[in-house]
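> The following comprises the amino acid sequence and a computationally predicted model.
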Amino acid sequence: MLCPPPAPQDAKPASRFASENSSRSRPAFTLLELVIVLLVMVGIMAVVWPNLQRPLRRTTLDEAAEMLRDAIDQSRYQASLSGTPYFVQLRQGRSEIYSGTFDSFMAAGDTGFALNDSASAVAPVATSQSRNAPLATPPPAAVRAWRLPTTVVVSQVRWTLAAPSDPPFDSGPGEGGLPNDNRLDPPQRQSDSLPGTSGASLGAEDRQWWLPLSATGQGRDATIELYDTSIQETLRVTYASVTGALEIAR
């Protein structure tokens, strides 16, 4: 009796093995698909980034305002601790804020730190302590500096809540028994308006303001304008000398 020939069994396993190898060797994403995904991501970022960039850069103005607050608070504390008036120096168009006593600024004037040439001949104003102090007085405390973010500069300082007869502290006598020598102030120059600062000028490179901080809390109320050159925005910091409070407004 003849038996039927066995059915071929190797064809199906061979085809299954070939299909498994082909599925394993195929990459998850082709190069073309990756390029398409990257182009879509770049397009989305190009649309979204301008809207995100401005709020992100506003943080530099907030950081500058906090540094200004720290400079004023530290100066008030040092003034009350030492019993000597402190000054916060603000220079137009600059990112640096300096703080120190009158004597410390005078000592730094020899290096061209912040004073003009005529200020080098000004003698420190005598106080009740300096009149009775011995000749061998200790050196003045060093001037401390705060550096704002590179894109943020001081654009303007306006004195507020002052009597009509009181001249501004950046061009005339001070008040509250503070030094009142106007040779500390550089000559005013013709300046150009900076775009986006609502008329605030930044062309006078040497213009500077001295915010007085006395040991008894006397001083001047002021509104300090900080300008961010990258986004052309201004932040106003209003300082109240009696309470030491700072109010921030855009």
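In hand now; what should we look at? Numbering: from 1, shown residues only.
> Pairing partners for the residue nearest to Asp70 when sequence neighbours are not counted in the sheet, please.
Nearest residue to Asp70, sequence neighbours excluded (Cβ to Cβ, 6 or more residues apart in numbering): Trp146, at 6.9 Å. The C-beta positions use only the backbone N, C-alpha and C, and glycine is treated the same way. Beta-bridge partners for Trp146, by DSSP bridges, are Ile97.
> Let me know how buried Trp146 is, in neighbour terms.
Trp146 is flanked by 17 other residues according to other Cβ atoms under 10 Å.
> For it, give me the pLDDT.
Trp146 is assigned a predicted lDDT (pLDDT) of 92.
> give the contact list for it.
Contact analysis of Trp146 by Cβ atoms under 8 Å, 6 or more residues apart in numbering lists 67-68, 70-71, 96-99.
> just Met67 next, same as before
Counting by Cβ under 8 Å, 6+ apart, the residues that Met67 touches are 97, 146-148.
> For Gly83, see how far away it is.
Distance from Met67 to Gly83, counting by Cβ to Cβ, to the nearest Å: 26 Å.
> and the one helix or strand Met106 maps to, what's its mean pLDDT?
Assigned by DSSP states H and E, Met106 belongs to helix 102-108. Taken as a whole, helix 102-108 has a mean pLDDT of 86.
> try stretch 238-250
Averaged across stretch 238-250, the pLDDT comes to 84.
> gap between the two ends of it?
One end of stretch 238-250 to the other measures 11 Å (Cα to Cα, to the nearest Å).
> ok, and for that stretch, which residues are buried?
Across stretch 238-250, burial judged by 16 or more other Cβ atoms under 10 Å covers 238-239, 241, 246.
> Reformat the residues you listed as a markdown table; add distance to Ser230 and secondary structure.
Shown next, in a markdown table, are the buried residues of stretch 238-250 (distance: Cβ to Cβ, whole Å; DSSP: H, G, I helix; E, B strand; the rest coil):
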| residue | distance to Ser230 | secondary structure |
| --- | --- | --- |
| Thr238 | 24 | strand |
| Tyr239 | 25 | strand |
| Ser241 | 32 | coil |
| Leu246 | 23 | strand |
